[in-house]
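Peer 1: Predicted model, plus sequence, below.
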Amino acid sequence: MATNDQSQGGGNHGLSQAELDELVASSDTGARGSQGTVGVFLMMVALAWSLFQIWIASPVPFMIGVGVFNDTEARSIHLAFAMFLAFAAFPASRSPIQLGLGVLVPLIVGGLLMYSAKEGASVWWIMPVAISISAVVLLGSPKDRIPVWEWALAIVGAAAALYLFVYYRDISSRVGAPITQDFVVAVIGILLLLEATRRALGPALMIVASVFLVYTVLGPNMPSIIAHKGNNLSEIVNHQWITTEGVFGIALGVSTGFVFLFVLFGSLLDKAGAGNYFIQVAFSLMGHMRGGPAKAAVVSSAMTGLISGSSIANVVTTGTFTIPLMKKVGFSAEKAGAVEVASSVNGQIMPPVMGAAAFLMVEYVGIPYFDVVTHAFVPAVISYIALVYIVHLEACKAGMEGLPRAYVPKPIVQRLIGMVFTVAVICGLSLAVYYGMGWIRPAFPAAAGYIIFTFLTAIYVGLLAIAAREAPLKLDDPNEPVTKLPLPGPTIRAGLHYILPVVVLVWALMVDRLSPGLSAFWATMYMVFILLTQRPILAILRGSGEMVQAVRDGFTDLLDGLVTGARNMIGIGIATATAGIIVGVVSQTGVGSALADVVEVLSGGNILAILALTAVLSLILGMGLPTTANYIVVSALLAPVIVTLGQQNGLIVPLIAVHLFVFYFGIMADVTPPVGLASFAAAAVSGGDPIKTGVIAFFYSLRTAALPFLFIFNTELLLINVTMMQGIFVFIVATVAMLLFAAATQGWFLTRNRFYETAALLLVAFTLFRPGFWMDMVYPPYSEEAPAALVQAADATPVGQDLRLRVAGMNELGDPIEFVAILPITSGTTGEEKLDAAGIALRSDGDKMIIDDVSYGSAASEAGLDWDQEVLRVLRPIDVPSKYWMFLPALLLLALVVMLQRGRAAKTIRPVTA
């Protein structure tokens, strides 16, 4: 049996573990410099980067008053490390297309920058610099060593990034008036950053950033709808490199302040053995089910996604074990790879880390991190539940069986009682810890930190004592015959201490509400403590007598984790810096407002068409950009457009919903054929066709693509303005709806669907997601009043509800616009009093109603109302039946489908497993 599996490509189809490691390295950590003297040097640089990031995140510099860096200085040093390692660790590609781009782009961008200089400026040196960079690219670079010209690029690139740190005070005194030295450093820095981007991330982001630089210079020559005055070299240098508007902007700041620590935390947790633990636990709990290995792959990838920011590394880490086992139970190579791709990529939407997007949203949307995670939680969990269900449907279609258990299961009632008891114990412990912490802090304000650490350490040692009684967890060879699954109890007990650092992180973020950077610092410090102590303590508890070796192994694990964390950050650091060029162009040229006009023309003002255009653009960019860069680019370009055009068309879309919409389509970057890197990685492991793997993974990911459209129109899915009980209700209903959507798209529910059953399931799923769509047709929620009756409409609107006003006025550029404003009625007894409390004064002009004045900071001002706007329509809320009454016909239709399918399923005999 094992031989047959291997003949079908059962494991990695000829790829050794070293080749798989190289696959990850070439896309994430750099394919060069792991051995010899150069390897040691690069290891020391990466280690120094990690230690620097830990230092600036810690409170120690502020306590001792030494080594305190402001944001700009920290970003400068952060980018210097990333630039140096990008050139040192990533060799220039040998692909003719890649090399051609590496040669042409510096020449084109250099020529444009030279062209943009003011008359009389001495810029003759730009083309020699560009030619030199192109020549170095042509010289090539081997993987086994770093030639002298690569050292030169690395050092010069790092020096250009460090320029803001070294000359910070001088630059701050001449902002807006760069000198020759600024010009030289900025031009060299931009050209080298583009080349570093090509090496670390591929050509797509480099091309996009270069196109935006071309647009900056050639603005007057563009089509009239997107034309602008154009920017000269002095403005470009000042905006893009010398200030924090471009390269050193918000995106790089998020990478410096938040993302590095979270990536480092995940790397340390993986080195401690948590990744293996998650895989083993998932298999012990789910491996016996239909398609069990695939379900276990989804769950283990979800858990790994909590700590990992790389979908490709996730595919290779979990896929080398899960994909061969999926093939053993009947999945084709492509479907096995696609399941792993879909689950690994979705790890980036899983709170609390969400790749880097969660922290970028904090800055871009302007809401606390806690709120970002709260809004993102329900869609992410629903998406993973739906993927488990998709795997179950695939297994049902093929009549698969699970892997054999290693134990006789208890009766279902006994298992349910055990689950309830376990949940009750966990809830009791959680409440005790929560209120205990709440008592410790005020009772011992000075010593609270030491008491909490002691308490955590006692729990940690206790969990290690439990783990010491079990055999150490080891990954079995997935290509060998599987005779039985690991026992759940011993497997879970063998690694419970890995949950503690995650608890520390979540507690700091969610309960103590510390900043993301400080939360990650404390979690990372606790992770360092675990790495240094878990092996020695386990050696003592097991009586193995290998203390010296255990201590040495602990230090080795810590060193490996620090170095790997830094090398995993190279691509993210470079991506955020290069995306800063694009964000800088958007702010410098005003292309955002121009793009709004383009999108409005293309969509005809239809909000659904606007969303579809945004989704398509995200997918197109996703074919080459990493998720973080894709999110930064599309959110900078289109998030404000969706909000503005949505408001003009009567749909008030919260900004966080728009950013999550963009991000969800951005994660398709690693799935979308023909460039989905995660699909190629999975195909390398499975031995399947990479394009076919990507196509199947894309269809598995349709549930993820449907969710953004749904939560744009039904923001309850993001837990916006809902109570806890409403949130639970929304989660249950949305989960059922997504499972029905998955059953419809997979063509299988209780048995194979007929076409009308698929249509019925889609209709039921849509109704459960958006019951208001149908109810609004039957009972419109608003009564339209004449503008002259605005005071009467306000009088009839109860306090706590909103009036909707469609108004016409001028935008910031003086162009006429129409939009819908939501005016909350907060207090007052008469219509006049309610409008006055909202901060709005009116005057009549014939049959027109004009806004005469709006109070500063009032509800009317926040709604976008301003003086001299004309009220075109007034929509007054009226009492209507609950939208949830639409669930009744939906559930009746679902019952009909169930009845039809049960009748057919009863005639088909299929093997059934427990």
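Peer 2: That came in fine, so what should we check first? Numbering: from 1, shown residues only.
Peer 1: When you work out contacts or count neighbours from here on, use the C-alpha atoms and nothing else.
Peer 2: Noted.
Peer 1: Tell me who's in contact with the closest residue to Arg542 other than its chain neighbours.
Peer 2: With sequence-adjacent residues excluded and distances taken as C-alpha to C-alpha, 6 or more residues apart in numbering, Arg542 is closest to Ala468, at 5.9 Å. Residues in contact with Ala468 (C-alpha atoms under 8 Å, 6 or more residues apart in numbering) are Ala494, Leu538, Leu541, Arg542.
Peer 1: Low-confidence stretches in the stretch 501-650 of the chain?
Peer 2: 596, 605, 621-626 (pLDDT under 70).
Peer 1: buried residues in stretch 786-800?
Peer 2: By neighbour count with 16 or more other C-alpha atoms under 10 Å, stretch 786-800 contains the buried residues Ala786, Pro787, Ala788, Leu790, Val791, Gln792, Ala793, Ala794, Asp795, Thr797, Pro798.
Peer 1: I'd like the distance between Leu264 and Leu562.
Peer 2: 7 Å (C-alpha to C-alpha, to the nearest Å).
Peer 1: what about these two, which has more around it?
Peer 2: Higher neighbour count among Leu264 and Leu562: Leu264, with 29 against 25, using other C-alpha atoms under 10 Å.
Peer 1: ok, the nearest residue to the more buried one once chain neighbours are set aside - contacts?
Peer 2: Spatially, and ignoring its direct neighbours in sequence, Leu264 is nearest to Gly565 (4.4 Å; C-alpha to C-alpha, 6+ apart). When contacts are counted by C-alpha under 8 Å, 6+ apart, Gly565 touches Ser50, Phe260, Val263, Leu264, Phe265, Gly266, Ser267, Leu268.
Peer 1: now, which of the buried residues of stretch 786-800 lie within helices?
Peer 2: The helices, defined by DSSP state H, take in Leu790, Val791, Gln792, Ala793, Ala794, Asp795 from the buried residues of stretch 786-800.
Peer 1: From Ile652, how far out is the fourth one?
Peer 2: Summarising the geometry, the distance separating Ala793 from Ile652, computed by C-alpha to C-alpha, is 21 Å.
Peer 1: Skip the chain neighbours and tell me the closest residue to Ile652.
Peer 2: Ile652's closest residue in space is Gly646 (C-alpha to C-alpha, 6+ apart), at 6.1 Å.
Peer 1: Ile607 is in contact with that neighbour, correct?
Peer 2: Yes: judged on C-alpha atoms under 8 Å, Gly646 makes contact with Ile607 at a distance of 5.9 Å.
Peer 1: in stretch 554-567, what's buried?
Peer 2: Within stretch 554-567, the residues that qualify as buried are 554-555, 557-567, counting by 16+ other C-alpha under 10 Å.
Peer 1: And the furthest pair within those?
Peer 2: Gly554 and Arg567 (20.0 Å; C-alpha to C-alpha).
Peer 1: Are there residues contacting both of Leu264 and Leu562? Which ones?
Peer 2: By C-alpha under 8 Å, 6+ apart, the residues touching both Leu264 and Leu562 are Ser50.
Peer 1: Helix, strand, or coil at Gly330?
Peer 2: For Gly330, the secondary-structure state derived from DSSP: H, G, I helix; E, B strand; the rest coil is coil.
Peer 1: So it is in contact with Met400, correct?
Peer 2: Yes: counting by C-alpha under 8 Å, Gly330 touches Met400, with 6.3 Å between them.
Peer 1: which of these two has more neighbours?
Peer 2: Between Gly330 and Met400, Met400 has the larger neighbour count (other C-alpha under 10 Å), namely 21 against 18.
Peer 1: downstream neighbour of the strand or helix carrying Lys271 in the secondary structure list?
Peer 2: Lys271 belongs to helix 260-272 when assigned by DSSP states H and E. Note on helix 260-272: by DSSP H and E, the next helix or strand toward the C-terminus is helix 274-286.
Peer 1: what angle do that next one and helix 260-272 make?
Peer 2: Counting by axes from the mean of the first three to the mean of the last three C-alpha atoms, to 10 degrees, helix 274-286 lies at 70 degrees to helix 260-272.
Peer 1: and helix 274-286, what's its mean pLDDT?
Peer 2: For helix 274-286, the mean per-residue pLDDT is 82.
Peer 1: so what's Gly111 up against?
Peer 2: Ile126, Met127.
Peer 1: Name the residues of the strand or helix carrying Leu213 that are buried.
Peer 2: Per DSSP H and E: Leu213 is located in helix 203-217. By neighbour count with 16+ other C-alpha under 10 Å, helix 203-217 contains the buried residues 203-210, 212-217.
Peer 1: can you put those in TSV and add distance to Met810 and pLDDT?
Peer 2: Compiled in TSV, those are given as follows (distance: C-alpha to C-alpha, whole Å; pLDDT from 0 to 100):
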residue	distance to Met810	pLDDT
Pro203	42	84
Ala204	38	80
Leu205	36	84
Met206	38	89
Ile207	37	90
Val208	33	86
Ala209	33	90
Ser210	34	92
Phe212	29	90
Leu213	31	92
Val214	31	92
Tyr215	27	91
Thr216	27	92
Val217	29	91
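Peer 1: Now for those residues: which two are most distant?
Peer 2: Pro203 and Val217 (21.2 Å).
Peer 1: and the longest helix seen in the chain, how far out from the chain's middle?
Peer 2: In the chain, taking DSSP H as the definition, the longest helix is helix 547-589. Distance, stretch centre to chain centre, for helix 547-589: 16 Å (C-alpha atoms, centre = their mean, to the nearest Å).
Peer 1: Great, nothing more from me.
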